[in-house]
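Undergrad: okay, sequence plus prediction incoming.
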Amino acid sequence: MDAKAIAELLARCQAGDRAAWDTLVEAYWQRLFGYALRATNNSELAQDLVQETFLRIVQRLDRYDDQGKFEAWLFRILVNLVRDHGRSKSRHPTQSTVVESDGQRSDLTDDMAGNSGTPFEPLTQREDVDRLHGALRKLPEGDRQILLLRHFADMPFKDIARTLNCPIGTVLARAHRALGKLRVLMEVNHDAS
């Protein structure tokens, strides 16, 4: 969606047009969810964070003055929510519950939602995805944010720069270094398995 179409859509949303709001949500939901899912590795939490993002947009939309930076604003809200959740999670350790059923013990944690594969998913693909998630978690937060915004939210580098309030050259350099770090981590994880 180009800047002019977004500006028109936002004006209609500010005027109370419900169909415009639905169009706005539909236009960004998948990309926001993709980022949140990769950042949290929890589909339920990712949905909650995306919903909270849109709730905050609704609460502030009447004061928003579009200057072609809506997408950066939208993702900045989500990035901050994900970061705040990560901080909160580190202060409140994961709850763990052991459940027995039919003689089998299972350890359930509150952050496992969305982490289970289907019985039809090839094992090697699942292992690759797990290695990728593990490697992403080992990256510094700033590097992880850039990679997730670029590759899972499909955001152009100039918009990432706006979202993170960084010069585009810095974002490009950090993305290049982050990919190198990720490649090394993936190789280390592959050699260890």
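TA: Great, that's in hand. What you see is a predicted model, and the numbers here were worked out from it, not measured in a lab.
Undergrad: E71 contacts I6, correct?
TA: Yes - with contact defined as C-beta atoms under 8 Å, E71 reaches I6; the gap is 7.4 Å. Heads up, the C-betas are built off the backbone N, CA and C, glycines and all.
Undergrad: who does the longest helix seen in the chain touch, helix- and strand-wise?
TA: Across the chain, the helix with the greatest residue count (assigned by DSSP state H) is helix 168-192. For helix 168-192, the contact count by 3 or more C-beta pairs under 8 Å, 6 or more residues apart in numbering; DSSP states H and E identifies helix 123-138, helix 141-151, helix 157-164 as packing neighbours.
Undergrad: got the domain boundaries for the protein?
TA: Domain assignment for the chain, taken from automatic domain parsing, gives 1-115, 117-193.
Undergrad: now the element after the strand or helix carrying R38, going C-ward?
TA: R38 belongs to helix 18-40 when elements are defined using DSSP states H and E. Scanning forward in sequence from helix 18-40 by DSSP H and E, the next helix or strand is helix 43-60.
Undergrad: what's in contact with the helix or strand that that next one is followed by?
TA: With elements assigned by DSSP H and E, the helix or strand that comes after helix 43-60 is helix 70-91. Here helix 70-91 makes contact (C-beta atoms under 8 Å, 6 or more residues apart in numbering) with 6-7, 10, 28, 32, 35-36, 39-40, 45, 49-50, 52-53, 56-57, 64, 111, 141, 145, 149, 153, 155, 159, 162-165.
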